[in-house]
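**Student:** Turn this into a structure:
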Amino acid sequence: MKRLSVVIANYNYQRYVGAAIESALALDWGDVEVVVVDDGSTDGSAEVIGRYTDRARVLLADNATQRVAVNRGYALTTGDVVLFLDSDDLLPRDLPVHLAKAWTVGTSKAQFRMQRIDEVGIAIGPPFPEYRPVPTPRDIRRWVEQTSAYPTPPGSGNAYARSFLDRIFPIEASVGDFADSACLAAAPFFGDVVSVPEVVVGYRQHGANDSDLLRDDRRFPREVARARARWRFAQEVCGTARDGVDERPLFRSRELLQLRVAACRVAPTERPLPGDSRGRMVWNSFRAPFHPGPESLRRRLAISSWCLAMLVAPALVARKLLVVRYGQRR
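**Tutor:** Next up is the predicted model:
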């Protein structure tokens, strides 16, 4: 690894974007390039970002979604490894040192753990994912091929090889408004995904996170639709024809099963995954413990039990089960 590029796409995070930029500029590496793209913020973000024009490459653009902002930022980078930092998250200073030790010529993505922090930066709960044991690239590739899923942190917890990103950028609109989805889904098919448990990235929770699913019932079917779009994107960039994508692995994902079940209970008229039904969810819940993945048998049985309980419980009980599961995102 020679040059590390950090792309920060910001929208109305005046309160946090300065700290995110500072954390990128403070990385302990000889050659770090920081690119900041403001996606048409209407708060004071532009003024905060403007303080860093002497140390970072800054682009103030019209609002066009995070995906477009990331596309614009990536086009300005020159590093052979690129990290997309959410503008409310924080990077640890020693990240590049650990990253360089784990990086190989066949790496498409390195993934770290993340630590939830509150609005003022105080840690909340343990880091995630657990990575116990640390998965090998072969494990991850096998899990993805069979179930469409693997243990991964969200956007800021990943660094990508430019040789991989050049294969998929600019990210097309079919994956939605967020570029992270495409990168996470395609990486295992273009090289090794290496897990670096020594690095812990700050993941800020502040009440406006996109991952807070309980804020709106419509977020559950939306997440199912996103998972399908990610899978289809990954298959298509690998050369599969649009009408030839095999969607059966989506029905084997325990993570997606929980979202499907939640969507079924809170938005029963929506069908974000074609061919899905309550009966199929019941069958998938019984089969869930037997599909490959990193979870322990105890965890698999807990997921299966939760899904079955959600599917048969009265509405009020199902709502309580939903809060138990998604009251704090991992």
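**Student:** Now do stretch 69-81, average pLDDT.
**Tutor:** For stretch 69-81, mean pLDDT rounds to 98.
**Student:** Please identify the buried residues of that stretch?
**Tutor:** 69-74, 77, 79, 81 (16 or more other Cβ atoms under 10 Å). Where C-beta positions appear, they are placed from N, C-alpha and C, glycine not excepted.
**Student:** Repeat that for stretch 251-260.
**Tutor:** 251-260.
**Student:** which residues of the protein fall in strands?
**Tutor:** For the chain, applying DSSP state E gives strands covering 4-10, 32-39, 57-61, 81-86, 107-117, 158-161, 192-204.
**Student:** before we move on, back to that, now the buried residues of stretch 251-260 in TSV, with pLDDT?
**Tutor:** Below are the buried residues of stretch 251-260 laid out as TSV (pLDDT from 0 to 100):
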residue	pLDDT
Phe251	98
Arg252	98
Ser253	98
Arg254	98
Glu255	96
Leu256	98
Leu257	98
Gln258	98
Leu259	97
Arg260	98
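**Student:** which one of those residues sits closest to Ala56?
**Tutor:** For these, the residue nearest Ala56 by Cβ to Cβ is Glu255; the value is 35.1 Å.
**Student:** quick one, what contacts that closest one?
**Tutor:** Ala149 (Cβ atoms under 8 Å, 6 or more residues apart in numbering).
**Student:** again, only using 10 Å
**Tutor:** Taking Cβ atoms under 10 Å, 6 or more residues apart in numbering, we find Glu255 in contact with 147-151, 223, 227, 293, 295, 303, 330.
**Student:** just the buried members of these?
**Tutor:** Counted by 16+ other Cβ under 10 Å, the contacts of Glu255 give 147-151, 223, 227, 293, 295, 303 as buried.
**Student:** Would you reformat the contacts of Glu255 as JSON lines and include pLDDT and distance to Ile124?
**Tutor:** Formatted as JSON lines, those follow (pLDDT from 0 to 100; distance: Cβ to Cβ, whole Å):
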{"residue": "Thr147", "pLDDT": "98", "distance to Ile124": "29"}
{"residue": "Ser148", "pLDDT": "97", "distance to Ile124": "29"}
{"residue": "Ala149", "pLDDT": "96", "distance to Ile124": "25"}
{"residue": "Tyr150", "pLDDT": "97", "distance to Ile124": "25"}
{"residue": "Pro151", "pLDDT": "96", "distance to Ile124": "20"}
{"residue": "Glu223", "pLDDT": "95", "distance to Ile124": "22"}
{"residue": "Ala227", "pLDDT": "96", "distance to Ile124": "26"}
{"residue": "Gly293", "pLDDT": "96", "distance to Ile124": "26"}
{"residue": "Glu295", "pLDDT": "95", "distance to Ile124": "23"}
{"residue": "Ile303", "pLDDT": "98", "distance to Ile124": "23"}
{"residue": "Arg330", "pLDDT": "39", "distance to Ile124": "12"}
